[in-house]
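Colleague: coords please:
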Amino acid sequence: MGIVIALIIFGLIVTIHEFGHFICAKLSGVKVLEFSVGMGPKLLQKRKGETAYSLRLLPVGGYCAMEGEDASGDDPRSFRNAKLWKRMLILVAGALMNFVLGMIMVVIVVSMFEVIPTNQVKGFYGVENEDGTTTYYSQSCQTGLRTNDVIVKMDGVSIYSFLDIDYIFATAKSDEHDLVVKREGKRVELPGVKFHNDQTGESMDFGFVTNEKNPLTITKCSGKVFMSMGHIIELSLKQIFTGKAKKEDVSGPVGVVSSINETTSEAESTGDAVFMLAYMTAMITINVGIFNLLPIPGLDGGRLLFCFIELIRRKPVKPEHEGYVHLAGMILLFGIMIFATFNDIMRLIHK
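Modeller: All right, here's what the predicted structure looks like:
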């Protein structure tokens, strides 16, 4: 059941990405030859006007095929003959639709919170003594952090929501962090704050101030969580491209499917399963959106790069030359996908 859900999620994410290209191409007057949901052999196909709408066997993707997408032609409604700003908009539209889906999923996640968390420190863990004093288990309150501080930066990284703090705690090699907090309306730098709960051994040794749930707080928190997810993906990509991430940590579709399957099978209730699936869908679709905008040949971002080159040169790069670059990029991406899939399979074997 979990594998079926994972395939549906993948299909939804890719289909909505391609729908962004499709609807923007239609509105821009670019000729769309086929819009396909799924990949592989055709199950159903219906032609409406100039466009064929297909349902294919494998629910792991989809595509939007436009006239003249990879080669020049005489058709005035081909992709390459469209105005530059229209082409750029069509290329960006796929990622924008991923972000829209991500925001919807984040709103679902935040709406399921019992209370709405903030970045403000509520208090620290400890026990009250008989003489009225308090013995704190939290190291952070003894190394500079104070109640009501709003955490703005941590180790130079901007903090949008509690997710950023969780990510830094999960990936940092030290329990000491340099903070910037907002205290009584002023920004205060706190170097070398140590986070450690002496009772539990965890890094999270303080509580957050929370707000009551209402449309305003849900919307505000959803925006911050969305920014945090994008921020975390950005930091993760930087670690991968700079070689700071371990090669064993690189995961592909098989690993994601395995994670979704584990999530659905281990959920204690339907509500828990919906919460985790919405959270994972948000992370995956935002990841897809950001990754597709990277200036890597073969991706939308790579095509956008050639649009910017055309904007500067005042003339386009020859289609055959651009095609060679995108082909090389696709080969590289295919190699990375094989490597990630190999990692996923080995991880499953070890499990």
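
Colleague: buried set for stretch 318-335?
Modeller: 319, 322, 325-326, 329, 333 (16 or more other Cβ atoms under 10 Å). All C-beta spots, glycine's among them, are computed from the backbone N, C-alpha and C.

Colleague: before we move on, what about stretch 141-155?
Modeller: Neighbour-count burial for stretch 141-155 flags 141, 143-145, 149-154 (criterion: 16+ other Cβ under 10 Å).

Colleague: circling back to that earlier point, pLDDT check: weakest of the buried residues of stretch 318-335?
Modeller: Model confidence across these bottoms out at residue 333, which has 76.

Colleague: returning to what we had before: can you name the two of the buried residues of stretch 141-155 that sit furthest apart?
Modeller: Maximum pairwise distance in the buried residues of stretch 141-155, criterion Cβ to Cβ, is 18.9 Å, between 141 and 153.

Colleague: follow-up on the earlier one: how about the buried residues of stretch 318-335 in CSV, adding distance to residue 266 and secondary structure?
Modeller: Below are these laid out as CSV (distance: Cβ to Cβ, whole Å; DSSP: H, G, I helix; E, B strand; the rest coil):
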residue, distance to residue 266, secondary structure
319, 50, helix
322, 46, helix
325, 44, helix
326, 41, helix
329, 38, helix
333, 32, helix
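
Colleague: Which of these sits closest to residue 49?
Modeller: Lowest distance from residue 49 to the buried residues of stretch 318-335 (Cβ to Cβ) belongs to residue 319, with 26.2 Å.

Colleague: looking at it, the closest one is touching residue 80, isn't it?
Modeller: Yes: using Cβ atoms under 8 Å, residue 319 is in contact with residue 80, at 6.7 Å.

Colleague: Mind listing what's buried along stretch 215-232?
Modeller: Quick answer for stretch 215-232 (16+ other Cβ under 10 Å): 217-218, 221-232.

Colleague: and which of the buried residues of stretch 141-155 is nearest to residue 9?
Modeller: residue 154 (31.1 Å).

Colleague: my guess is the closest one meets residue 166, correct?
Modeller: No: Residue 154 is not in contact with residue 166 according to Cβ under 8 Å; the separation is 10.9 Å.

Colleague: overlap in contacts of these two?
Modeller: Between them, residue 154 and residue 166 share no neighbouring residue, with contact defined by Cβ atoms under 8 Å, 6 or more residues apart in numbering.

Colleague: Residue 66: neighbouring residues, count only.
Modeller: By other Cβ atoms under 10 Å, 25 other residues sit near residue 66.

Colleague: Could you check how many residues crowd around the residue nearest to it when sequence neighbours are not counted?
Modeller: In space, and not counting its chain neighbours, residue 66 is closest to residue 79: 4.5 Å by Cβ to Cβ, 6 or more residues apart in numbering. Counted with other Cβ under 10 Å, residues neighbouring residue 79 total 26.

Colleague: same thing with residue 195?
Modeller: Neighbourhood size, residue 195 [other Cβ under 10 Å]: 24.

Colleague: Please apply the same query to the one 5 residues further on.
Modeller: Using other Cβ under 10 Å, residue 200 has 11 other residues around it.
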